[in-house]
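Trainee: sequence first, predicted coordinates after that:
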Amino acid sequence: MDPASSTDWQTWAAISVVVLTVLVMVIRTARRSRKKTGGCGKCGSGDCH
Amino acid sequence: MEPKPETVALAGNPNAGKTTLFNALCGTSAKVGNYGGVTVEVKKGEFFTPLGRRLELIDLPGTFSLEGGSPDQRIASDVLSGKNERHPAPDLAVCVVDASNLERHLQLALEVLELGIPTIVALNMVDVAEKSGLRLDPVKLSEELGVPVVPIQANRGKGLTELKQAMRHPFPSAPEVRWEKGNGEARRTFGLKTADLAARRATLHSTNLSDRLDAVLLHPVLGWVCFLAIMFALFWSIFSFAGIPMGWIESLQESLIGAVETRMSEGDLRDLITQGIIGGVGAVVIFLPQILLLFFFIGLLESSGYMARAAFLMDGVMGRAGLSGKAFLPLLSSYACAIPGVMATRTIDSAKERLVTIFVAPWMSCSARLPVYLLLVPMLLGGSEGGTTQALVFLAIYVLGTGTAFIVARILRGHLGPDEVKSHFLLELPPYRLPQWSYIFRHVLERGWSFLRKAGTFILALMILLWAATTYPKLESDDPAAVMAHTVVGRVSDFIEPIVKPLGFDGRTGTAILTSFAAREVFVGSMAQLFRVEVAEGEEEQETRAHIRDRLAAEKWPDGRPMFGPAAVISLLIFYIYALQCLPTSAVVAREAGSWKWAVGQFFFMMAFAAIASLVVYQAARLFGLA
């Protein structure tokens, strides 16, 4: 495989992993803060319906 | 569908034999459930009554009272009163009380009875009570409390069938309490009177083994000698024994990196896997041996009964810092690594004291700072590594960190105010017992797994992000300093250069400081890279540090002044003593304190403290002509 193209796909793959990590962290933090504030943002109940 | 089993909650004081009973009833089916935001663990398991009825058993944290504010007390109180989101109120409470210490253990049982849930009292350790000369009357106790009382010996499995029989359907109805509900004094008086009726002393109190051991271990002189010897052995063991598995983990990490490097062509993904992922996981797992060893020793000390004596001895000393004797061990452990130290604060009853201990623990100079000190101290004094003067400077570094931690703890403790409910039982001394090995090993494994699962995932994510910040945006160049300057971290360094300059550092030193947020020891490697120090293959660490020192000594500011004069080196040392440059520690603090606010507050406070201290020291040293 051409070393340049190998570097290229590796760069994109690495950036994807980093972006995915940020997304997972944001989603988990949002979920946790929603749980702490008492569930559904609209009705305030524990389980959103 | 199978109906949901009814729930039985096990409540009791620490050391009442609750976990032994839990394991005896559930066997190995126990699993650990973690409560979000709070790190106290609640075990769950299942067992069957003699008639084949399936019951779910919840082992609540051991607590002296349901009225305090500590995490243990809150969890126990919330679950029993049905306020916990994850668990509805239990259908039955089993209060495990130590028959040899009935007057103390009954107080919690009476608090549970006040909640109005069906209750059974498991009168544990009847053999110990009888050996100590007590004559027990479970029938009288049952009459006084209005609930079934079952004598058991949980460690030998005696009385378990009778206890299971007592749990047959329907559960006993909630009793009418015979004292004024909510009145602590009335409850206490009733408890003392009931204990006196149900456990009469047949013989005069004679000196037993515990008393004889206490004569030595609590002796004003011998007690301290024993205490210091035990603590030295513990600290030495953590440092030296943990080194062996830590070496294995490091070798495994290196071979994994080697395997990836031989199978993948050069590129960002390979760097991410080797430096970010394997390096990130390694940065967490490397602490595991220390954590397992520390919790093994904590379990041993707690299970044998010595921990209460150690807390008793250290109470006066730690009291000067506004802390209790129980804060001593977490702070001592932090000299090895702040992460197990912060986790060890779980043994502290008071929530406020626990937070203060967590807050100051990173100021105990951890082993990761050693390579930095080893690089800088000889630069300050001249000559190679080693020697008495350097040892004295090392001692001064440790004293400075510890002294500051004590002063700040005292101020913080005064600021936070006293606890809502003071523990009256903190200094009560349980009798010495042979350690329960199965309990200790189970406890150690649970703590280790909890650490890996909770901290591991988050720290891994942080390491991936830190890798990205030190890699992107990329610059094609052979100059590592130029490549680094182009990255996010490099740009932040440029941005902070005007801030770090008054502290005596240039942008490259600032960058090396930023890269050491993954782990402090990274500073040495970063300095070598950024100041273009040639490191020969197979070179010893000591030789590398000597080369870096030579290179740094030749470095000059544009006006010709040496860049690493005594003032700059002292300033850098002060910065490393006080700065919290360890993201894994911050992640564990956030978990243990139950809030990121504490971790972020601690981070900025310590960074600001380090920067101001460095600034003052550097400017003062310059005035004295040390620049």
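Mentor: Yep, it's here. Numbering: from 1, shown residues only, chains lettered A, B, ... in the order given.

Trainee: what does the pLDDT read for the one residue in chain A that gets nearest to chain B?
Mentor: Nearest residue of chain A to chain B (C-beta to the nearest C-beta) works out as residue A:10 at 3.0 Å. For every residue, glycine as well, the C-beta is placed using N, CA and C. Looking at residue A:10, its pLDDT is 89.

Trainee: again, but for residue B:424
Mentor: Residue B:424 carries a pLDDT value of 41.

Trainee: return the set of buried residues in stretch B:319-339.
Mentor: B:321-339 (16 or more other C-beta atoms under 10 Å in any protein chain shown).

Trainee: ends of that stretch, how far apart?
Mentor: This stretch, stretch B:319-339, spans 24 Å end to end (C-alpha to C-alpha, to the nearest Å).

Trainee: what sits against residue B:293?
Mentor: By C-beta atoms under 8 Å, 6 or more residues apart in numbering or on different chains, the contact set of residue B:293 is B:237, B:238, B:241, B:242.

Trainee: so residue B:301 sits against residue B:311, correct?
Mentor: No: Residue B:301 lies out of contact with residue B:311 (C-beta atoms under 8 Å); the separation is 9.8 Å.

Trainee: residue of chain B nearest chain A, please.
Mentor: residue B:267 (3.0 Å).

Trainee: is the nearest residue to that residue once chain neighbours are set aside within a helix or a strand, and which one?
Mentor: In space, and not counting its chain neighbours, residue B:267 is closest to residue A:10: 3.0 Å by C-beta to C-beta, 6 or more residues apart in numbering or on different chains. Applying DSSP states H and E as the criterion places residue A:10 in helix A:3-36.

Trainee: and that helix, what does it pack onto?
Mentor: The contact analysis (3 or more C-beta pairs under 8 Å, 6 or more residues apart in numbering or on different chains; DSSP states H and E) places helix A:3-36 against helix B:268-271, helix B:437-469.

Trainee: what residues does residue B:504 make contact with?
Mentor: Residue B:504 neighbours (C-beta under 8 Å, 6+ apart): B:567, B:568, B:571, B:572, B:614, B:618, B:627.

Trainee: now the element after the helix or strand the third one falls within, going C-ward?
Mentor: Using DSSP H and E, residue B:571 falls within helix B:566-578. Scanning the chain past helix B:566-578 towards its C-terminal end, the next helix or strand to appear is helix B:583-593 (assignment: DSSP H and E).

Trainee: check whether that following helix contacts chain A.
Mentor: No: with C-beta under 8 Å from any C-beta of the partner chain as the criterion, chain A is not reached by helix B:583-593; the gap is at least 11.1 Å.

Trainee: now the angle from that helix to helix B:437-469?
Mentor: Here helix B:583-593 runs at an angle of 130 degrees relative to helix B:437-469 (axes from the mean of the first three to the mean of the last three C-alpha atoms, to 10 degrees).

Trainee: now do the helices in the stretch 151-300 of chain B.
Mentor: B:160-166, B:184-198, B:209-217, B:222-263, B:268-271, B:279-285, B:288-304 (DSSP state H, counting those that start in this stretch).

Trainee: quick one: low-confidence ranges for chain A?
Mentor: Low-confidence segments of chain A, defined by pLDDT under 70: A:1-7, A:32-49.

Trainee: tally of neighbours for residue 21?
Mentor: Since you didn't name a chain, this refers to chain A. Residue A:21 has 19 neighbours, counted by other C-beta atoms under 10 Å in any protein chain shown.

Trainee: chain B was what I was after
Mentor: For residue B:21, the number of neighbouring residues by other C-beta under 10 Å comes to 26.

Trainee: check the one 4 residues further on too.
Mentor: As a burial measure, the neighbour count of residue B:25 was computed by other C-beta under 10 Å and equals 25.

Trainee: keeping just the C-alphas, turn the helix or strand encompassing it into PDB.
Mentor: Assigned by DSSP H and E, residue B:25 falls within helix B:18-26. The C-alpha atoms that make up helix B:18-26 are tabulated as PDB, following Å, rounded to 0.1, in the frame of the first residue of the first chain:
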ATOM      1  CA  LYS B  18     -23.300  -8.200  58.200                       C
ATOM      2  CA  THR B  19     -21.200  -9.100  55.200                       C
ATOM      3  CA  THR B  20     -20.400 -12.500  56.700                       C
ATOM      4  CA  LEU B  21     -24.200 -13.100  57.100                       C
ATOM      5  CA  PHE B  22     -24.800 -11.800  53.500                       C
ATOM      6  CA  ASN B  23     -22.200 -14.200  52.100                       C
ATOM      7  CA  ALA B  24     -23.500 -17.100  54.300                       C
ATOM      8  CA  LEU B  25     -27.000 -16.600  53.000                       C
ATOM      9  CA  CYS B  26     -26.300 -15.800  49.300                       C
END
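
Trainee: mean confidence score for it?
Mentor: On average, helix B:18-26 scores 83.

Trainee: quick check: angle from it to helix B:437-469?
Mentor: 100 degrees.

Trainee: next up, phi/psi of residue B:336, please.
Mentor: Reported as degrees, to the nearest 10, the phi and psi values for residue B:336 are phi -80, psi -50.

Trainee: any idea how far the nearest residue to it once chain neighbours are set aside is from residue B:289?
Mentor: Nearest residue to residue B:336 in three dimensions, chain neighbours excluded: residue B:238, at 5.1 Å (C-beta to C-beta, 6+ apart). In this view, residue B:238 and residue B:289 are 9 Å apart by C-beta to C-beta, to the nearest Å.

Trainee: give the residues shared as contacts by these two.
Mentor: By C-beta under 8 Å, 6+ apart, no residue touches both residue B:238 and residue B:289.

Trainee: more crowded one of those two?
Mentor: Ranked by neighbour count (other C-beta under 10 Å), residue B:238 and residue B:289 place residue B:238 first, with 25 against 21.

Trainee: my read: residue B:79 touches residue B:59, true?
Mentor: No: applying C-beta under 8 Å as the test, residue B:79 and residue B:59 come out as separate, 10.5 Å apart.

Trainee: residue B:346 and residue B:453, how far apart?
Mentor: 16 Å.

Trainee: who has more neighbours out of the two?
Mentor: Using other C-beta under 10 Å as the criterion, residue B:346 and residue B:453 rank with residue B:346 on top: 19 against 11.

Trainee: for residue B:171, grab phi and psi.
Mentor: The phi/psi pair for residue B:171 (degrees, to the nearest 10) is phi -70, psi 150.

Trainee: check the one 5 residues further on too.
Mentor: Here the main-chain torsion angles of residue B:176 (degrees, to the nearest 10) amount to phi -90, psi 120.

Trainee: OK, contacts around the closest residue in space to it that isn't next to it in sequence?
Mentor: Excluding the flanking residues, the one nearest residue B:176 by C-beta to C-beta, 6+ apart is residue B:146, at 6.4 Å. By C-beta under 8 Å, 6+ apart, the contact list for residue B:146 reads B:113, B:175, B:176, B:177, B:178.

Trainee: residue B:55 belongs to a helix, doesn't it?
Mentor: No: counting by DSSP: H, G, I helix; E, B strand; the rest coil, residue B:55 falls outside a helix, being strand.

Trainee: beta-bridge partners for it, please?
Mentor: Counting by DSSP bridges, residue B:55 is bridged to residue B:6, residue B:47.

Trainee: which strands and helices lie in contact with the host helix or strand of residue B:97?
Mentor: Per DSSP H and E, residue B:97 falls inside strand B:92-98. With contacts defined as 3+ C-beta pairs under 8 Å, 6+ apart, strand B:92-98 has these neighbours: strand B:6-12, helix B:18-26, helix B:102-114, strand B:119-124.

Trainee: which residues does residue A:14 contact?
Mentor: Residue A:14 touches B:267, B:268, B:269, B:271, B:272, B:468, B:471, counting by C-beta under 8 Å, 6+ apart.

Trainee: now tabulate the residues you listed in JSON lines and tack on pLDDT.
Mentor: Putting the contacts of residue A:14 into JSON lines (pLDDT from 0 to 100) gives the following:
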{"residue": "B:267", "pLDDT": "87"}
{"residue": "B:268", "pLDDT": "89"}
{"residue": "B:269", "pLDDT": "91"}
{"residue": "B:271", "pLDDT": "89"}
{"residue": "B:272", "pLDDT": "90"}
{"residue": "B:468", "pLDDT": "88"}
{"residue": "B:471", "pLDDT": "87"}
